[in-house]
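> Please work out how this folds:
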Amino acid sequence: MALTADQLKDNAKFLENVSVLYGGGLDYQAHRYAMLVNKHAQDFGGTGKLFSSPGRIEVIGNHTDHNNGKVLCASISVDNLGCVTPRSDNKIVVASIGYPVVEVSIDDLLPNAEEYGKSEALVRGVVAYYVEHGYKVGAFSATTTSDVFNGAGVSSSASFELLVCEILNVMFNGGKIDAVTKAHAAQYAENVYFGKPCGLLDQSAIALGGVSYIDFKSIENLEIASVGWTFSDLDIVLTNTGGDHADLTDQYAAIRAEMEQVAAQMGAEKLRGVDEAAFYAAIPELQHKVSGRAILRAIHYFNENARVEKALDAVRTCDINKFGEMIDESGTSSYELLQNCYPLGDTAQRIPLALALGKRMPGVLATRVHGGGFAGTVIAYVRRADTDNYVAHMRSVFGDKNVYVIGVRNCGTCQVEMDF
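Take a look at the predicted model:
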């Protein structure tokens, strides 16, 4: 018999899950879960296990993680939701609603350049990492649905990667794999198999859950601190300004590459290994060895690390004005030094437009480009009394479905225990 939304709304365990994972939206989540469970039973048979993997926001720390920098990040109240049952044919089959079915053999784990940029690569890469590090893998069928908005800078790909990580963790490894290991597996899949040279921020934020301070100085031994979110009268609003990230991988990669060019000239692999004072002293010679843009991006890196520390202190002491100051400074630096607010040659400049509009709206404490940049999203911290006006204005420009008020989710990727 099909599961109904009304049955879920009368289920105490489901009510608890909705509160913990989403902070509300009971009707929406009840219909969503019931639809997913019934769809999986129809297509694959049986009652599946449920898994949830959130999206993430970068609070501050723009393009620092890939050079062993510092960030504040958080998981948020949207997710990839999966219903999963085991298989016996050594295949992983993922049927994401609205997308082509993904099928990967766990007997074939070599990278395949023809899969770059495809979901198959992410699945294959996670499985390969687990095998290489001595973890168990197995076959499964998953039906998934996602409200982690694509192209909006909240890491839909990392959310999907971590969903696969957690399914394998729970179904074949007894749930023993820790969050940081899962983050490394997901990053490996994206770097080596998917073809995107991302850092570890996205995957770490999603795996850990809540608000996290992460120092990436040692990738093998991350310094992580859970941070309580103290600004109860602030709403977090994301505006997807439009644009497609698909053709921007080279521009993302150039940021990391240029920072590392500067580091190499200073005798280090990453900018974290470069003394800041020595860097500034070397600029008269550096300018003849690397581009001016590379030098500007390095300046952003050093300044951004310092801002992360100040923003962390502001959150801990509930200094809302200092927090807003650091966010705005970060946004200005990304615009002027990092130069990731619009693609090369772009004249639409949707991110700069959103930033300019946000800065003149009442109640906006701070706003900045969010995530990788070039196309996509801006984030704004808005005083709750003014949120409705801000949202209405931004929707009038960017569309009703492109402005989202989100919450911080205190739970990372997880199995959703149910008692039906």
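
> any idea which helix or strand carries residue 77?
Residue 77 belongs to strand 70-86 when assigned by DSSP states H and E.

> repeat for residue 269
Judged by DSSP H and E, residue 269 forms part of no helix or strand.

> Quick check: the gap between the closest residue to it other than its chain neighbours and residue 2.
Excluding the flanking residues, the one nearest residue 269 by Cβ to Cβ, 6 or more residues apart in numbering is residue 263, at 6.1 Å. Where you see a C-beta, it was placed from the backbone N, CA and C, and this is true even at glycine. Noted for residue 263: a distance of 58 Å to residue 2, by Cβ to Cβ, to the nearest Å.

> Tell me which other helices or strands the helix or strand just after the strand holding residue 77 touches.
Using DSSP H and E, the helix or strand that follows strand 70-86 towards the C-terminus is strand 91-96. Secondary-structure packing of strand 91-96 (3 or more Cβ pairs under 8 Å, 6 or more residues apart in numbering; DSSP states H and E): strand 102-105, helix 119-132, strand 140-146.

> ok, now with 10 Å
Strand 91-96 is packed against helix 26-44, strand 70-86, strand 102-105, helix 119-132, strand 140-146, helix 156-173, with contacts defined by 3 or more Cβ pairs under 10 Å, 6 or more residues apart in numbering; DSSP states H and E.

> related to what we said a few turns ago, would you mind getting the angle between the strand holding residue 77 and strand 140-146?
130 degrees (axes from the mean of the first three to the mean of the last three Cα atoms, to 10 degrees).

> angle of strand 70-86 against helix 156-173?
Using the same axes, to 10 degrees, strand 70-86 lies at 50 degrees relative to helix 156-173.

> Rounded mean pLDDT for strand 70-86, please.
Averaging pLDDT along strand 70-86 gives 94.

> quick one: that strand to strand 91-96, angle?
Relative orientation of strand 70-86 and strand 91-96, computed by the same axes, to 10 degrees: 110 degrees.

> isn't residue 308 right up against residue 201?
No: using Cβ atoms under 10 Å, residue 308 makes no contact with residue 201, being 11.3 Å away.

> which residues sit in contact with the closest residue to residue 271 other than its chain neighbours?
Distance criterion Cβ to Cβ, 6+ apart; nearest residue to residue 271, sequence neighbours excluded, is residue 67 at 4.3 Å. Neighbouring residues of residue 67 by Cβ atoms under 10 Å, 6 or more residues apart in numbering: 199, 216, 255-256, 259-260, 262-263, 268-274, 297-298, 301, 305.

> what's around residue 279, how many residues?
21 (other Cβ atoms under 10 Å).

> is it true that residue 4 touches residue 14?
No: look at residue 4 against residue 14 with Cβ under 10 Å: they stay out of range, at 11.8 Å.
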